[in-house]
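Student: just to be clear, the model below is a prediction. Sequence and coordinates:
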Amino acid sequence: MKSKKLKKKARQTNTHVFLSMVNEKTRQSKRRLDSMRAEALRLVEDQGVEERIRKCMCQACYYGAARGYMVGHAFTRWKCVVCFAIHEHPNTRVPVLCTACASKHGLCSTCMADMDMKLRTKEYKRRTL
Ligand SMILES: [Zn+2]
Ligand SMILES: [Zn+2]
């Protein structure tokens, strides 16, 4: 009799532990989903537009910046593909264009795409080559 009682109690404890695990995971998952939704909304509505334009970044680079890039934290010298000036960048993920050239030509400094994602019909002319 006593052991039956103990078994029942153990089963109840297991069920309780299992339920609280499931519920904790559900809460975590909900929080992840909420932040994914917020992030998606931020992208869809281009909520960071002012900072994005200030940094001369296209939407793909700006909103994708936090994902999937390995960045080394070392000052890195790089050359702008338009004005050929040498610049220094605080990490290894160096831009392609300097901000001056990027904003002058309406291009993303990180990937050289058109800032408005419009395909251009006129051939791009460099100042020097
Ligand atoms: Zn430049
Ligand atoms: Zn870009």
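Tutor: Thanks, I have the structure now. Ligands and ions are numbered 1, 2, ... in the order given.
Student: where exactly do the strands run in the chain?
Tutor: 76-79, 86-89 (DSSP state E).
Student: okay, those strands, which one's buried deepest?
Tutor: Sort the strands of the chain by mean neighbour count, taking mean count of other CB atoms under 10 Å, and strand 76-79 sits at the top with a mean of 13. In short, each C-beta sits where N, CA and C put it, glycine included.
Student: show me which residues of the protein are close to ligand 1?
Tutor: Proximity of the chain to ligand 1, by CB under 5 Å from the ion, involves residues Cys80, Val82, Cys83, Cys98, Cys101.
Student: do that again at 8 Å, thanks
Tutor: Cys80, Val81, Val82, Cys83, Phe84, Ala85, His87, Leu97, Cys98, Ala100, Cys101, Ala102 (CB under 8 Å from the ion).
Student: what bits of this protein have low per-residue confidence?
Tutor: Scanning the chain for pLDDT under 70 picks out 1-2, 66-69, 123-129.
Student: ok, 90 please
Tutor: The chain contains residues with pLDDT under 90 at 1-17, 64-75, 89-94, 116-118, 120-129.
Student: out of the residues of the chain next to ligand 1, which are buried?
Tutor: Listed as buried from the residues of the chain next to ligand 1 are Cys80, Val82, Leu97, Cys98, Cys101, Ala102; burial here means 16 or more other CB atoms under 10 Å.
Student: pretty sure the last one sits against Asp114.
Tutor: The one in question is Ala102. No: using CB atoms under 8 Å, Ala102 is not in contact with Asp114, being 10.8 Å away.
Student: overlap in contacts, the two.
Tutor: Between them, Ala102 and Asp114 share these contacting residues under CB atoms under 8 Å, 6 or more residues apart in numbering: Cys108.
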